[in-house]
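Q: 3D, please:
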Amino acid sequence: MFNNKQEIKEVEELSNSSNIIGKGTLLNGDIETYGNIRVEGKIVGNMKTKSKAACGHSSHIEGNLVAQNAEIAGQVTGKVEVSELLILKPSAIINGDIITNKLIVESGATFNGGCKMGVTIKEIQIGETPEGKSKLLKAE
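A: Coordinates of the predicted model:
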């Protein structure tokens, strides 16, 4: 998949990044990242990460969430797809379907929608163009 060690190193560096959408921040549009992301504000659009998504008490996401792991304490209106572990904290409100491998629902969490567990999710693709080619990484 990768042509040389430099490209592998670049991908590793991208996955070590951390992003924060702070409380009081409104983001209109989709967000994609290789690294971890923490949301305390509001996102109107889809969120995708190849790492962990942490949504705090004040977070509000109107769109789909795709992540490797996720911990949600805020509100999500849309489909939640997590390839490994999804944790719903007591203050979490999910209005939409959940697809995950493992799920922890803490007492007090609210979930309205369908749920599929133990499902193998296809690899999370970041930076894909409509033609299927990556904008960030060159594929063989």
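
Q: CA only for contacts and neighbour counts going forward, please
A: Will do.

Q: residue ranges with poor pLDDT in this structure?
A: 1-15, 121-122, 128-140 (pLDDT under 70).

Q: those helices in it, which residues are they?
A: Along the chain, counting by DSSP state H, helices occupy 5-15.

Q: wait, doesn't Ala67 sit right on Asn46?
A: No. Using Cα atoms under 8 Å, Ala67 is not in contact with Asn46; the gap is 11.1 Å.

Q: higher neighbour count, the two?
A: Ala67 (27 against 18; other Cα atoms under 10 Å).

Q: residues touching the more buried one, list them.
A: Listed by Cα atoms under 8 Å, 6 or more residues apart in numbering, the contact set of Ala67 reads 48-53, 81-83, 124.

Q: Give the buried subset of those residues as a ChimeraX selection command.
A: Buried residues among the contacts of Ala67 (16 or more other Cα atoms under 10 Å), as a ChimeraX selection:
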select :48,49,50,51,52,53,81,82,83,124
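
Q: Just name the closest of the contacts of Ala67 to Gly29, please.
A: Lys48 (11.7 Å; Cα to Cα).

Q: hang on, isn't the closest one packed against Glu32?
A: Yes. Between Lys48 and Glu32 a contact is recorded at 4.7 Å, counting by Cα under 8 Å.

Q: For these two, list the residues in contact with both.
A: Ile126.

Q: Look up how far Cys55 lies from Thr25.
A: 13 Å (Cα to Cα, to the nearest Å).

Q: Looking at these two, which is more packed in?
A: Cys55 (27 against 14).

Q: which residues does that one contact?
A: Here Cys55 is in contact with 38-40, 70-74 (criterion: Cα under 8 Å, 6+ apart).

Q: Tell me what Glu81 is bridged to.
A: Here Glu81 sits in beta bridges with Val66, Ile99, as judged by DSSP bridges.

Q: just checking, it touches Leu103?
A: No. Applying Cα under 8 Å, one finds Glu81 not in contact with Leu103, separated by 11.1 Å.
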